[in-house]
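# Just to be clear, the model below is a prediction. Sequence and coordinates:
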Amino acid sequence: MLTISKMKSFVSSSSFSTLSPYFPITASPSFFSLPSKSPRCSPTFTQVSNYFAFKTPRISFLSTGISSAQNRTGQTAATFSPPSGEIHVIVGPMFAGKTTTLLRRIQSQSSNGRSVAIIKSNKDTRYGLDSIVTHDGMKLPCWALPNLTSFKQKFGQGAYDELDVIGIDEAQFFDDLYDFCREAADIDGKTVIVAGLDGDYLRRNFGSVLNIIPLADSVTKLTARCEICGNRAFFTLRKTEEKETELIGGADVYMPVCRQHYVSGQVVIETARTVVESHKVECRTPA
Ligand SMILES: Nc1ncnc2c1ncn2[C@@H]1O[C@H](COP(=O)(O)OP(=O)(O)O)[C@@H](O)[C@H]1O
Ligand SMILES: Cc1cn([C@H]2C[C@H](O)[C@@H](COP(=O)(O)O)O2)c(=O)[nH]c1=O
């Protein structure tokens, strides 16, 4: 039986500040690692940080009869290398711990001797462009790029070939997310860990994040705490009246809320917006 299932352990670390954006390889990629036995379809609930996370069922595929050492045409493992890449997706509202989780996983992979790099969108200028920073101030150096396609060229093909793990933060801002992740995992054998908003402030799909779910080995949906009642928060409420989808900001502009307070908050904000608009019209109309 050929089982596609890889569990990773998450090791937390208190300080990341000494790490560089690219950690030189210290162990070769495990292209022939043995598959672990796992149930064919097992939904798992895990707690990440102090928030609950849901992981999609891990699906095992039955063998097609092709041995991992020798395929149907008689090629040996040296010429028949099944891709060993993985894609893991972390979603949730703002303040849910997506960046924290991404940094912990990257740190864990690095501690296991794997060579890692982190990319974030250069649209997010909140903490400068050379590092990825959580709302708590946890920090790692990163590559701030306009798109993912430019990564190989910026990073260098040779260095890219040596990479084992690629972390992507603020994934909602990358239009080429799908193609990059597919190629990195399926063809280049990389482990890709993606963190981003699944929905915008109006709870619509944000960018291409949801498009990569069918490519993913695992999906983790994190929650924050509702700023109004303290219950689990699934959504991000925009506190200001700007309407564009992309608007960089933190707690000054956004807050995480539960369903009840998302709905009532939207009503309050819409009403306030209408009142402000009508006042503007009144002021402009000559008496
Ligand atoms: N309402 C909130 N709910 C949960 N965490 C919050 C809230 N406000 C601030 N935080 C802080 O934000 C941290 C998560 O930051 P971060 O990993 O950057 O989240 P994300 O990337 O999902 O926006 C939490 O550990 C917590 O300390
Ligand atoms: C909801 C929402 C968010 N954004 C922006 C605001 C921040 O700059 C990032 C999200 O950062 P985080 O790491 O998840 O805290 O996205 C936006 O542009 N539009 C939105 O609707």
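Now that the structure is in, tell me what you want to look at. As the structure is a computational prediction, the values presented were derived from the model and not from experiment. Ligands and ions are numbered 1, 2, ... in the order given.
# Can you name every helix or strand that the longest helix anywhere in the chain contacts?
Longest helix in the chain, counting residues (DSSP state H): helix 259-284. Packing partners of helix 259-284 (3 or more C-beta pairs under 8 Å, 6 or more residues apart in numbering; DSSP states H and E): strand 235-238. Placement of C-beta: from N, CA and C, glycine included.
# can the following helix or strand past the strand it packs on be found next to ligand 1?
Heading C-terminal from strand 235-238, the first helix or strand you meet, by DSSP states H and E, is strand 254-257. Yes - using C-beta under 6 Å from any ligand atom, strand 254-257 comes into contact with ligand 1 via Pro256.
# Which elements pack onto strand 254-257?
So strand 254-257, by 3+ C-beta pairs under 8 Å, 6+ apart, packs with strand 235-238.
# ok so, going back, hmm, the longest helix of the chain touching ligand 2?
No - interface with ligand 2: helix 259-284 contributes nothing (C-beta under 6 Å from any ligand atom), its closest point being 11.4 Å away.
# so Gly207, which of the three states?
coil (DSSP: H, G, I helix; E, B strand; the rest coil).
# Apart from its neighbours in sequence, what residue is nearest Leu103?
Distance criterion C-beta to C-beta, 6 or more residues apart in numbering; nearest residue to Leu103, sequence neighbours excluded, is Leu140 at 5.4 Å.
# ok, now how distant is the one you found from ligand 2?
For Leu140, the distance to ligand 2 (C-beta to the nearest ligand atom, to the nearest Å) stands at 13 Å.
# can you start the count at 30 instead of 1 from here on
Let's use 30 as the start, then, which means that last one is Leu169.
# so that residue is in which element?
Using DSSP H and E, Leu169 maps to strand 168-170.
# Repeat that for Ile119.
strand 115-120.
# who does that strand pair up with?
Applying DSSP bridges, strand 115-120 is found paired with strand 220-225 (parallel), strand 247-250 (parallel).
# Now tabulate those strands in JSON lines and tack on mean neighbour count, mean pLDDT and distance to ligand 2.
As requested, those are exported to JSON lines (neighbours: other C-beta atoms under 10 Å; pLDDT from 0 to 100; distance: least, C-beta to the nearest ligand atom, whole Å):
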{"stretch": "strand 220-225", "mean neighbour count": "27", "mean pLDDT": "98", "distance to ligand 2": "7"}
{"stretch": "strand 247-250", "mean neighbour count": "21", "mean pLDDT": "98", "distance to ligand 2": "13"}
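# Would you convert the ones you listed into JSON lines that also reports distance to Phe180?
Shown next, in JSON lines, are those (distance: least, C-beta to C-beta, whole Å):
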{"stretch": "strand 220-225", "distance to Phe180": "11"}
{"stretch": "strand 247-250", "distance to Phe180": "22"}
